[in-house]
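Student: fold the following, please.
(4 chains)
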2 protein chains.
Amino acid sequence: MKKDKAVRSIAELRTLIRSTGLRSTGPRVAVLQWIQQADTPISHAEIADALEPAGLDRATLYRNLIDLTDVGLLSRTDHGDHVWRFELRDNERGQTEKHPHFTCLDCGDVECLSDTSIEVSAPYSSPSAIKTHHFEVQLTGLCDRCAA
Amino acid sequence: MKKDKAVRSIAELRTLIRSTGLRSTGPRVAVLQWIQQADTPISHAEIADALEPAGLDRATLYRNLIDLTDVGLLSRTDHGDHVWRFELRDNERGQTEKHPHFTCLDCGDVECLSDTSIEVSAPYSSPSAIKTHHFEVQLTGLCDRCAA
DNA sequence: ATGTATTTGCAACTGTATTGTAAAAAAGAA
DNA sequence: TTCTTTTTTACAATACAGTTGCAAATACAT
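Tutor: Have a look, this model is predicted:
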């Protein structure tokens, strides 16, 4: 089920970070490296669990996730279960394009619905963001494993 | 913009609560009363701000929101902004039917998209919950006020 | 190599949500 | 009504997620 995504080298990640105006540091490269090898949005806790044992400070991690989100490298979303998740945005290359996610209400698993098309027909008074397609879609329900 | 929803009397609320197996208590009636007069899902904090001055304990409120959610009277959702919101479910009467919500990423305002139809065309491997329409839809973007 | 602004790492802190508990209240039985 | 049992409340204590302040360390432009 893994997507065949282009994994960037450390040097590429460093260049990517610098291109946003941020400085390339160990923690930032580590965060991006960890996130890029995940095939779905990955939670705060998962990143922390992975990187704290390696000596990365919590506050630094939080600050970096926010900074990297602010400059547009990451997206930070809550998929309906009160858990922040981060994903590489990568928009300039069309790699990880905007797409809906399906989150299991039971186990929290996230699935990227890259090939699912969603048609929204908006009525009279709905926000114009809907008519102009400037919105994100999030689906929640039970995944096949938890529904069984 | 207020919806013309049927407001239940205190006696009706008490019966409703008892019908779920829970006991009808002051705090529970107060919570339901407050939630039923809101026209969108309402946050933890909003309910607390409204009812704590009246002497309702925080922990009791939280426990009640969870209990009422567990028995199906309320739905508890996170609309993408890391804020829990509660809404009367009321499914047995078709009052407040399942519908998508639009949440503003800026101001947090929630809009019920009762009249918006959303078509999801699911591909090969997507969760069967999608094919069987057992899912909730959540849209996020900027509301008209914040986009202006 | 040097200087300066950014970033880190640690600790302290804030606010949200949960848990333990004795006392109070609700529902059912007598 | 009054009694009895079980649930619920209210208060306090606690756990946890996330943020902030700041001195020391680091990145990187010169």
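
Student: and the strands in chain A?
Tutor: Under the criterion DSSP state E, chain A carries strands at the ranges A:42-43, A:74-78, A:84-88, A:101-104, A:110-112, A:117-121, A:135-141.

Student: give the other helices and strands that the longest one contacts.
Tutor: The elements that strand A:135-141 packs onto, with contact taken as 3 or more Cβ pairs under 8 Å, 6 or more residues apart in numbering or on different chains; DSSP states H and E, are strand A:101-104, strand A:117-121, helix B:128-131, strand B:135-141. For the C-beta atoms, the positions are set from N, CA and C on the backbone; glycine is no exception.

Student: please apply the same query to the second one.
Tutor: Using 3+ Cβ pairs under 8 Å, 6+ apart as the contact definition, the elements that strand A:74-78 packs against are helix A:58-70, strand A:84-88.

Student: pLDDT weak spots in chain A?
Tutor: For chain A, applying pLDDT under 70 flags the ranges A:1-5, A:90-98, A:122, A:124.

Student: centroid-nearest residue for it?
Tutor: When chain A is reduced to its mean C-alpha position, the closest residue under Cα atoms, centre = their mean turns out to be A:Glu87, at 1.8 Å.

Student: beta partners for it?
Tutor: Assessed by DSSP bridges, A:Glu87 has beta-bridge partners A:Ser75.

Student: residues in contact with it?
Tutor: For A:Glu87, the contacting residues are A:Ile35, A:Thr40, A:Pro41, A:Ile42, A:Leu74, A:Ser75, A:Thr77, A:Thr96, by Cβ atoms under 8 Å, 6 or more residues apart in numbering or on different chains.

Student: ok, A:Thr132 next?
Tutor: When the contact criterion is Cβ under 8 Å, 6+ apart, A:Thr132 has no partners at all.

Student: A:Leu142 now?
Tutor: Listed by Cβ under 8 Å, 6+ apart, the contact set of A:Leu142 reads A:Cys104, A:Leu105, A:Asp106, B:Pro127, B:Ala129, B:His134.

Student: correct me, but A:Val126 touches B:Phe102?
Tutor: Rather than Val, residue A:126 is Ser. Yes - using Cβ atoms under 8 Å, A:Ser126 is in contact with B:Phe102, at 7.1 Å.

Student: shared neighbours of these two, anything?
Tutor: In the contact map built from Cβ under 8 Å, 6+ apart, the residues linked to both A:Ser126 and B:Phe102 are B:Glu111, B:Leu113.

Student: so how many other residues sit close to the residue of chain A found nearest DNA strand D?
Tutor: Sorted by distance to DNA strand D under Cβ to the nearest atom of the strand, the residues of chain A start with A:Ala59, at 3.1 Å. For A:Ala59, the count of nearby residues is 8 (other Cβ atoms under 10 Å in any protein chain shown).

Student: gap between it and A:Val7?
Tutor: Taken as Cβ to Cβ, to the nearest Å, the spacing of A:Ala59 relative to A:Val7 amounts to 28 Å.

Student: output the set of residues of chain A in proximity to DNA strand D.
Tutor: Residues of chain A found near DNA strand D (Cβ under 7 Å from any atom of the strand) are A:14, A:18, A:23-26, A:44-45, A:58-59, A:62-63, A:66, A:84.

Student: now do the contacts for the closest residue to A:Arg8 other than its chain neighbours.
Tutor: If you skip the residues right next to it in sequence, A:Arg8 has A:Gln36 as its closest partner in space, 6.3 Å away by Cβ to Cβ, 6 or more residues apart in numbering or on different chains. Contacts for A:Gln36 were tallied using Cβ under 8 Å, 6+ apart; they are A:Lys5, A:Val7, A:Arg8, A:Leu13, A:Leu88.

Student: out of these, which sit inside helices?
Tutor: When those are checked against helices using DSSP state H, the ones located there are A:Leu13.

Student: ok, of the contacts of A:Gln36, which come out buried?
Tutor: A:Arg8, A:Leu13, A:Leu88 (16 or more other Cβ atoms under 10 Å in any protein chain shown).

Student: from A:Ile35, how far out is the first one?
Tutor: In this structure, A:Arg8 lies at 11 Å from A:Ile35, with Cβ to Cβ as the measure.

Student: sorry, back to before: A:Ser126 and B:Phe102: which is more packed in?
Tutor: Set side by side, A:Ser126 and B:Phe102 show unequal neighbour counts under other Cβ under 10 Å, the larger going to B:Phe102 at 26 against 19.

Student: ok, the more buried one touching B:Cys146?
Tutor: No - the pair B:Phe102 / B:Cys146 is not scored as a contact, 12.0 Å apart, by Cβ under 8 Å.

Student: since that was my last question, I'll sign off now.
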